[in-house]
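Undergrad: no sequence on this one, just coordinates:
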């Protein structure tokens, strides 16, 4: 397996790294926490102009024709300064759901403006009772003369407060389906909520929301498999973001150990603290290795079992190793890291969100253990 980046990938990594450092430092994230939107639409449009929003989409909709490895390079660099724009919710979740489920006309309709940064998307799949089961859907889609009428609730819809179009899962008489719903649709109530990491989400209520037939993405009955794949794409992207956080926290902590003095000595001189910094480095590298494999497996046409195995392993590693890194970052900084003003807390909160999104440690351990590739080894 070749792990070397292409010249285009190196350029993509370097430009997004430069943007995060110069145009969106961590101070910008702090400012956005107190705004209504949580990010800036002008910056989102700038990302579209730079081509970052079009990376995983085909050229037929104005895309770059890339894959999840390219996406991982972007979100890893964005994570270094917690860039607040909704890349994963809009591009990876909403965008890939439209790409996987929609026909050519629907893809062009909703993905082309997304690639240009003129609009954003959100995927409304979670419900109060569903936990991590994307097929546990109580929202109903009743067929009408010209289309469908949607009724139900969706919870914690990432970027749902700002998205121009919401991709909503609903049960029809013919199976689970996905629908593209305008944010301004009659009967749709959007309640914006803050998440623990300072980002935004939405609670949706659909009270007989009427949609035309051309807003049904694909055929009813196919949405379950599509959503499962999108969750794995989201998981792999979340792991890449987690790697970026680990790297940022590690760098901050090592720099602190080099400069903080106690009893007239740099605390980095103490061997016990050096050992803990080394453990942080090891866990960061383990997270990165698993993240790379998950991104590659989601991009290289691997079979479903291989993809699921790589993604769940990466998620479990992030849940253990990523958590360890941010906890040690706080511990080694001491009491100052517990203050609201210190940046360490922002990384800590985001890491905990990432470890819950698209399945927590318990969920992915159970899934990994149930895969044929694992159970076959036990039986042998």
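TA: Right, received. Where do you want to start? Since this is a predicted model, take the numbers as computed values, not measurements.
Undergrad: for residue 93, see how far away residue 182 is.
TA: 18 Å (C-beta to C-beta, to the nearest Å). (Each C-beta comes from the backbone N, C-alpha and C, glycine too.)
Undergrad: just the pLDDT at residue 258, thanks.
TA: Looking at residue 258, its pLDDT is 91.
Undergrad: what packs against the helix or strand hosting it?
TA: Per DSSP states H and E, residue 258 falls inside helix 223-259. If you count contacts as 3 or more C-beta pairs under 8 Å, 6 or more residues apart in numbering; DSSP states H and E, helix 223-259 packs onto helix 68-79, helix 96-101, strand 175-182, strand 265-266, helix 271-297, helix 304-317, helix 323-333, helix 344-354.
Undergrad: among those, which comes closest to residue 250?
TA: Across the helices and strands packed on helix 223-259, residue 250 has its closest neighbour in helix 271-297 (5.2 Å, C-beta to C-beta).
Undergrad: tabulate the helices and strands packed on helix 223-259 (JSON lines), appending mean pLDDT, distance to residue 86 and mean neighbour count.
TA: As requested, these are exported to JSON lines (pLDDT from 0 to 100; distance: least, C-beta to C-beta, whole Å; neighbours: other C-beta atoms under 10 Å):
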{"stretch": "helix 68-79", "mean pLDDT": "98", "distance to residue 86": "11", "mean neighbour count": "25"}
{"stretch": "helix 96-101", "mean pLDDT": "98", "distance to residue 86": "14", "mean neighbour count": "24"}
{"stretch": "strand 175-182", "mean pLDDT": "97", "distance to residue 86": "17", "mean neighbour count": "22"}
{"stretch": "strand 265-266", "mean pLDDT": "84", "distance to residue 86": "40", "mean neighbour count": "12"}
{"stretch": "helix 271-297", "mean pLDDT": "96", "distance to residue 86": "20", "mean neighbour count": "19"}
{"stretch": "helix 304-317", "mean pLDDT": "97", "distance to residue 86": "20", "mean neighbour count": "22"}
{"stretch": "helix 323-333", "mean pLDDT": "96", "distance to residue 86": "22", "mean neighbour count": "21"}
{"stretch": "helix 344-354", "mean pLDDT": "96", "distance to residue 86": "13", "mean neighbour count": "21"}
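Undergrad: looking at the ones you listed, spot the one closest to residue 253.
TA: helix 323-333 (4.9 Å).
Undergrad: just how off-centre is that closest one within its chain?
TA: Its chain's C-alpha centre lies 22 Å from the corresponding centre of helix 323-333 when counted by C-alpha atoms, centre = their mean, to the nearest Å.
Undergrad: show me what that helix is packed up against.
TA: Going by 3+ C-beta pairs under 8 Å, 6+ apart, helix 323-333 lies up against helix 223-259, helix 271-297, helix 344-354.
Undergrad: redo these as CSV? Include distance to residue 87.
TA: Shown next, in CSV, are the helices and strands packed on helix 323-333 (distance: least, C-beta to C-beta, whole Å):
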stretch, distance to residue 87
helix 223-259, 8
helix 271-297, 15
helix 344-354, 13
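Undergrad: nearest to residue 367, out of these?
TA: helix 223-259 (10.1 Å).
Undergrad: three-state assignment of the most centrally placed residue in the chain?
TA: Among the residues of the chain, the smallest C-alpha distance to the mean C-alpha position (C-alpha atoms, centre = their mean) belongs to residue 88, namely 3.9 Å. For residue 88, the secondary structure call by DSSP: H, G, I helix; E, B strand; the rest coil comes out as helix.
Undergrad: residues in contact with it?
TA: By C-beta atoms under 8 Å, 6 or more residues apart in numbering, residue 88 lies in contact with 75, 158, 234, 237-238, 241.
Undergrad: low-scoring stretches of the stretch 151-300 of the chain, by residue?
TA: The model of the stretch 151-300 of the chain has no residue with pLDDT under 70.
Undergrad: cool, and the stretch 1-150 of the chain?
TA: Across the stretch 1-150 of the chain, residues meeting the criterion (pLDDT under 70) sit at 1-2.
Undergrad: try it again with 90
TA: Segments of the stretch 1-150 of the chain classed as low confidence (criterion: pLDDT under 90) are 1-5, 146.
Undergrad: how about the helices of it, start to end?
TA: 7-22, 26-33, 41-49, 68-79, 87, 96-101, 104-115 (DSSP state H, counting those that start in this stretch).
Undergrad: list the buried residues of the second one.
TA: This means helix 26-33. Residues of helix 26-33 classed as buried by neighbour count (16 or more other C-beta atoms under 10 Å): 26, 28-30, 32.
Undergrad: wait, which of those is closest to residue 350?
TA: Using C-beta to C-beta as the measure, the one of those that approaches residue 350 most closely is residue 29, at 9.3 Å.
Undergrad: quick check: closest non-adjacent residue to that closest one.
TA: For residue 29, ignoring the flanking residues on the chain, the nearest one in space by C-beta to C-beta, 6 or more residues apart in numbering is residue 82 at 4.3 Å.
Undergrad: isn't that neighbour up against residue 350?
TA: Yes: counting by C-beta atoms under 8 Å, residue 82 sits close enough to residue 350 to count as a contact (6.1 Å).
Undergrad: between these two, what contacts are shared?
TA: Counting by C-beta under 8 Å, 6+ apart, the shared contacts of residue 82 and residue 350 are residue 245.
Undergrad: so who does the residue nearest to residue 29 touch?
TA: Applying C-beta under 8 Å, 6+ apart, we find residue 82 in contact with 26, 29, 245, 346-347, 350.
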